[in-house]
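[1] quick one, structure for this:
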Amino acid sequence: MIAYSTIGTNDMERARKFYDALFAEFGAKAFFERPDGGFVGYGVEPGKPFFGLAKPYDGGEASPGNGNMVAIGVDNAEQVKQMYDKAISLGATCEGEPGPRVGGMVTCGYVRDLDGNKLNFFYQGS
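    Model (predicted):
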């Protein structure tokens, strides 16, 4: 149902370094970049849902939304911690340490990226 999610950045070079290293952990990479450098799409396979990183089109300042979050699906509960730890090592801040949520039905680890955008590394399964 979701084609892609986009978050904003005020420093594309810094954000690219963060997401290039973070997403390399599970084989995702930048596969599309707008010619003006204002948008980059990350994914594991073209034509599948992807993650977009963008400078705001209106030229204004990017800011994280209160209540907005992008959940990034991973393969297992251990990978939730792996991705959380990687993000923290790259300068992200903790928004909720990895662990079971919703009575153990899911495993999540929450961080804020370098621009303050909230990410959730998410696994649903037993």
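[2] helices along this structure, start to end?
    Secondary structure of the chain (DSSP state H): helices at 12-24, 77-89.
[3] and those, which is most packed in?
    When the helices of the chain are scored by mean count of other CB atoms under 10 Å, the highest mean neighbour count falls to helix 77-89 (a mean of 19). C-betas here are computed from N, CA, C, even on glycine.
[4] mean confidence score for that one?
    The average pLDDT for helix 77-89 rounds to 97.
[5] for stretch 13-30, same thing?
    Stretch 13-30 carries an average pLDDT of 96.
[6] compute the number of surrounding residues for P98.
    22 (other CB atoms under 10 Å).
[7] that one contacts Y123, correct?
    No: the criterion here is CB atoms under 8 Å, and P98 misses it with Y123 at 9.5 Å.
[8] buried ones in whichever strand in the chain runs longest?
    Using DSSP state E to define each element, the chain has its longest strand at strand 93-101. In terms of neighbour count (16 or more other CB atoms under 10 Å), strand 93-101 has its buried residues at P98.
[9] any idea how far F31 is from P46?
    6 Å (CB to CB, to the nearest Å).
[10] between those two, which is the more surrounded one?
    Shown here are P46 and F31; by other CB under 10 Å, F31 has more neighbours (13 against 9).
[11] now do the shared contacts for P98 and Y123.
    Listed as contacting both P98 and Y123 by CB atoms under 8 Å, 6 or more residues apart in numbering are A77, V80, T107, C108.
[12] OK, contacts around the closest residue to the third one other than its chain neighbours?
    Right, T107. Once flanking residues are discounted, T107 sits nearest to A77: 4.1 Å by CB to CB, 6 or more residues apart in numbering. Residues near A77 by CB under 8 Å, 6+ apart: P98, P100, T107, Y123, G125.
[13] same deal with Q82?
    With contacts defined as CB under 8 Å, 6+ apart, the neighbours of Q82 are E25, V74.
[14] give me that answer again for 10 Å
    Contact partners of Q82, counting by CB atoms under 10 Å, 6 or more residues apart in numbering, are E25, F26, V74, N76, P98, G109, F121.
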